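> Fold the following.
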Amino acid sequence: MNKTAAYMPADLNRLERETGMLLATVESLSEDEMRAPSLCEGWTRAHVVAHMIGLAGGLGNLVTWAVTGTETPMYSCPEDRDAQIEDLAKMSAAELKQELREATAGFQALAGQLRNTKLATEEVSLPSGPFNAYAIPALWTTEVLVHHNDLDTLWKLDEGDMDALEDALELAMAKLSKRDDWPGLTVITDEGENYTIGDGATTLKGGRDAIIGWVTRGLTDGLRYEGELPERPKYA
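Numbering: from 1, shown residues only. All right, here's what the predicted structure looks like:
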């Protein structure tokens, strides 16, 4: 994703909007609702919230890396990240809500530094490889959109900001293009984007929200295609 400092005001505004909507949904969940299954296989809603808490800290580390030039990985190791999610998911709903409020506020404060700071480095590293530091806010907003939908409440992806959905789609397509286990796809969105993955054998059409919903979780609402959908590997 080719982002620069010029994108920061708009990207940070979208970050604030989508984060606020996520927080509102999480605040509405009762203790029993927090323990209900999410759209993430094997995870409750509490696990999803716990993941977002950890992700806020992890992406905050990347902002620190970009601003200071001191290498600061997202997580010490995948095992520690997974253990943190399991530990946090055991907390009460009230505790999880407080942790999420604090984590997101901390990340937003750090992300704001990308607006005014000449970065020590404009490239950091994700587990998948190098990443543009100016795209960190868009990455967070993408995760917020996908995992807000994972909570399986009345909120749906089509309520997301259209430009935020555009970024989310671009990041998803970039991820798929680096993998050799995904079927060939031609993706044509109602908003005008066109992507080809592999040999482009299966054509998918729909709004950005519909494409993101299928790619990330296999949802077919609003998706248009001919024949049978190909097997969809797990999106991670």
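
> Could you use CA atoms for every contact and neighbour count after this?
Will do.

> So which elements touch the longest helix along the chain?
What stands out as the longest helix in the chain, according to DSSP state H, is helix 45-68. If you count contacts as 3 or more CA pairs under 8 Å, 6 or more residues apart in numbering; DSSP states H and E, helix 45-68 packs onto helix 31-34, helix 78-89, helix 93-111, helix 113-116, strand 123-126, helix 136-150.

> Just say which of these is most tucked in.
Among these, helix 136-150 has the highest mean neighbour count (mean count of other CA atoms under 10 Å), at a mean of 24.

> ok now it, how far from the chain's centre?
Its chain's average C-alpha position is 3 Å from that of helix 136-150, according to CA atoms, centre = their mean, to the nearest Å.

> Ok, stretch 199-217 next?
Remark: stretch 199-217 is offset 16 Å from the chain centroid, using CA atoms, centre = their mean.

> CA atoms of that stretch as PDB?
Taking Å, rounded to 0.1, in the frame of the first residue of the first chain, the C-alpha atoms of stretch 199-217 are listed here in PDB:
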ATOM      1  CA  ASP A 199      -5.200 -17.000 -13.400                       C
ATOM      2  CA  GLY A 200      -8.400 -15.100 -12.600                       C
ATOM      3  CA  ALA A 201     -10.600 -18.200 -13.300                       C
ATOM      4  CA  THR A 202     -13.500 -17.300 -11.000                       C
ATOM      5  CA  THR A 203     -15.200 -13.900 -11.300                       C
ATOM      6  CA  LEU A 204     -16.600 -12.300  -8.200                       C
ATOM      7  CA  LYS A 205     -18.700  -9.200  -8.300                       C
ATOM      8  CA  GLY A 206     -20.200  -7.100  -5.600                       C
ATOM      9  CA  GLY A 207     -19.700  -4.100  -3.300                       C
ATOM     10  CA  ARG A 208     -16.400  -3.800  -1.500                       C
ATOM     11  CA  ASP A 209     -18.100  -5.000   1.700                       C
ATOM     12  CA  ALA A 210     -19.300  -8.200  -0.100                       C
ATOM     13  CA  ILE A 211     -15.900  -9.000  -1.500                       C
ATOM     14  CA  ILE A 212     -14.200  -8.500   1.900                       C
ATOM     15  CA  GLY A 213     -16.800 -10.500   3.600                       C
ATOM     16  CA  TRP A 214     -16.200 -13.500   1.300                       C
ATOM     17  CA  VAL A 215     -12.400 -13.300   1.300                       C
ATOM     18  CA  THR A 216     -12.100 -13.000   5.000                       C
ATOM     19  CA  ARG A 217     -15.000 -15.100   6.300                       C
END
